[in-house]
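S.K.: With the sequence up front, the predicted model follows.
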Amino acid sequence: TLYTNNEYRSITILETPKLSSVSQPWAACRHNSTEIHLNGMIPNTTFTVYYKITGNTPATTTATSDATGKAVFNLTIGLEDHGKTLTVNSLSYTSLGKTCTQTLSTNNSTTLSVWRFDGFTWTGRVSNDWHNSANWCRGTSDETLPTAETDVYIPAADSTQFSPVISASNAVVKNITIGNAGVLSFAGESKTLEVKGNWTNHGTFNPHMGKVLLNGTNQQKIQGAVVTAFYQLEISNNAGVIADKDLSILKLLTLTSDNVKTSTELVTANRGALHTGTNILTMADTAHTEGVSDVTGIVRRMNIQRASHQYTFGSRHTLLTFAASGTYPTEIKAYITIGSAPAWKTNAILREYHFIQTGGSNCYATIRTSYKDSELNSVAENRLEQWTQFSAEGTPEGGYEWGRSNASSINNWVEITNINIGLFPTEKGSTGS
């Protein structure tokens, strides 16, 4: 039989749903949902997503892909979900009245992360603005922004959309930790970050023109794996601050609170408001010290280049001022102790300075050293003068008397002039030249 008629039918072929990866780019907050990103999907399509979290009941949601094939859906998870696996088991979509479903077995899971820090954790979900509450996970706190009673954690920059910047107004925290690869910055006009507890830096701090104010009531610490460079640092804590890590000052160190007694039985303070111990405080060329107290431990100056400039060493009244002569040292360290007389001269005041230099030659300076009235140790203040210990054979027992060129009993300092710093020792305990 010969048939001559033709019949046509339309055939619709739907593309099979696909998925190249699942991720949770940023950890979840206790008070916010988290984003789950689906990549490598059919572009510009709305999908039903069938997923399951380990130990939980299977669930569904919808997600619409963009022109690049990326889709996002929001998910609320709790602390109990931290470390669990979210698996997308299948995807489906409907087109022209037909539904196409695909079961997935590869590249379809991610490990969930929930911030477990009880204080405030920076997420940077919206912007870099420290003062935007949407940028914070607030842990168990009822506050919307960090306060003097809340700890703060800044995580790695690649785990947040933005890193925090303090620019619009001042900020305050209890303890603050800049985590590994975390970044905290100041910007714009000079602003202040008040820290009531410890400063811990394992990442990057960009001080710009900002000030960090350590003004707790208990002893505070500057610590962490990374040396912090402060533009301005102010110490205002009667219990003192301990530097458990090297640090540096770029512009100004202000010592508002007094020196510290570590025991009520002591006659006078035996630690500065800032105590570095065996760690080193490095002062930048233009940095200086103000305030009423001292740094004890080690203060360093490097690359000294300016004549007639007053280089402070741990106190506003402990100064070296160089004349325009010779080769200046590439480094000077001052080892500063208070609270006891030197063992080599027990009738001296209760304070000692060790100055160590590197690279100086025929360079002359005025040396001014400060003291406290409580350190006089029965020495008449109007008879104060500078002495230096010499340990070389043949030098006088009890040190060498330099006398003094000038003094101030009001501001508590004594100075000597025209001293060849190039003859100073190059290591602690040495006699120099």
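M.R.: Happy to help now that I have it. Numbers count the residues shown, from 1 in each chain.
S.K.: tell me how far the helix or strand containing Tyr153 is from the chain's mean position?
M.R.: Taking DSSP states H and E as the criterion, Tyr153 maps to strand 152-154. Chain-centre distance of strand 152-154: 10 Å, with Cα atoms, centre = their mean, to the nearest Å.
S.K.: ditto for stretch 210-222
M.R.: Worked out by Cα atoms, centre = their mean, stretch 210-222 lies 12 Å from the chain centre.
S.K.: repeat for stretch 258-268
M.R.: Between the centre of stretch 258-268 and the centre of its chain there are 29 Å (Cα atoms, centre = their mean).
S.K.: Report the buried residues of it.
M.R.: Of all the residues in stretch 258-268, those buried under the rule 16 or more other Cβ atoms under 10 Å are Asp258, Asn259, Val260, Lys261, Thr268. To be clear about C-beta, it is placed using only N, CA and C from the backbone, and glycine gets the same treatment.
S.K.: Next, the contact list for the first one, please.
M.R.: Yep, that's Asp258 we're talking about. Asp258 is in contact with Asn238, Ala269, Ala273, Val292, Ser293, counting by Cβ atoms under 8 Å, 6 or more residues apart in numbering.
S.K.: Can you select the buried ones from those in ChimeraX?
M.R.: In ChimeraX, a selection of the buried entries from the contacts of Asp258 looks like this (16+ other Cβ under 10 Å):
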select :238,269,273,293
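S.K.: sorry, back to before: now do the strand holding Tyr153, average pLDDT.
M.R.: The average pLDDT for strand 152-154 rounds to 96.
S.K.: Run through the neighbouring helices and strands of it.
M.R.: strand 120-122, strand 176-178 (3 or more Cβ pairs under 8 Å, 6 or more residues apart in numbering; DSSP states H and E).
S.K.: before we move on, back to that, which ones among the contacts of Asp258 lie within helices?
M.R.: In helices, defined here by DSSP state H, there are no members of those.
S.K.: With distance to Ile166 and pLDDT as new columns, can the contacts of Asp258 be given to me in TSV?
M.R.: TSV is the format used below for these (distance: Cβ to Cβ, whole Å; pLDDT from 0 to 100):
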residue	distance to Ile166	pLDDT
Asn238	26	97
Ala269	33	94
Ala273	24	98
Val292	27	97
Ser293	27	98
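S.K.: distance of the residue nearest to Ala307 when sequence neighbours are not counted from His309?
M.R.: Take Ala307 and drop its neighbours on the chain: the residue closest to it by Cβ to Cβ, 6 or more residues apart in numbering is Ala324, 3.9 Å away. Distance of Ala324 to His309, given as Cβ to Cβ, to the nearest Å: 11 Å.
S.K.: Comparing those two, which shows the higher neighbour count?
M.R.: Set Ala324 next to His309 and count neighbours by other Cβ atoms under 10 Å: His309 wins out with 14 against 10.
S.K.: Surely Asn107 and Ser21 touch.
M.R.: Yes. Contact criterion Cβ atoms under 8 Å: Asn107 and Ser21 qualify, at 5.3 Å.
S.K.: So what does Ser159 have for phi and psi?
M.R.: phi -100, psi 0 (degrees, to the nearest 10).
S.K.: Give me the pLDDT for it.
M.R.: Ser159 is given a pLDDT of 84.
S.K.: measure it to Asn382 for me?
M.R.: 63 Å.
S.K.: same question, Lys70
M.R.: 80 Å.
S.K.: Look at those two and report which has more neighbours.
M.R.: Lys70 (16 against 7).
S.K.: Nearest residue to that one in space, please, no chain neighbours.
M.R.: Asn39 (5.3 Å).
S.K.: how many neighbours does that neighbour have?
M.R.: Should you count by other Cβ under 10 Å, Asn39 turns out to have 16 residues around it.
S.K.: What strands flank the strand or helix carrying Tyr353, and is each parallel or antiparallel?
M.R.: According to DSSP H and E, Tyr353 maps onto strand 351-358. When sheet partners are counted by DSSP bridges, strand 351-358 sits next to strand 331-338 (antiparallel).
S.K.: residue contacts, the nearest residue to Thr327 once chain neighbours are set aside?
M.R.: Nearest residue to Thr327 in three dimensions, chain neighbours excluded: Ser361, at 4.3 Å (Cβ to Cβ, 6+ apart). Contact partners of Ser361, counting by Cβ under 8 Å, 6+ apart, are Gly326, Thr327, Gly422.
S.K.: any idea how far Lys221 is from Ser361?
M.R.: Distance of Ser361 to Lys221, given as Cβ to Cβ: 39 Å.
S.K.: before we move on, what about Ala156?
M.R.: The value you get for Ala156 to Lys221, if Cβ to Cβ is used, is 23 Å.
S.K.: can you pull out the strands in the stretch 1-150 of the chain?
M.R.: With strands called from DSSP state E, counting those that start in this stretch, the stretch 1-150 of the chain shows them at 21-23, 34-39, 46-53, 59-64, 71-75, 85-95, 98-103, 109-111, 120-122, 136-137.
S.K.: Could you export these as TSV, including distance to Ala341 and mean pLDDT?
M.R.: Putting the strands of the stretch 1-150 of the chain into TSV (distance: least, Cβ to Cβ, whole Å; pLDDT from 0 to 100) gives the following:
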stretch	distance to Ala341	mean pLDDT
strand 21-23	65	97
strand 34-39	62	95
strand 46-53	68	98
strand 59-64	75	98
strand 71-75	68	95
strand 85-95	67	96
strand 98-103	83	94
strand 109-111	62	97
strand 120-122	48	92
strand 136-137	52	89
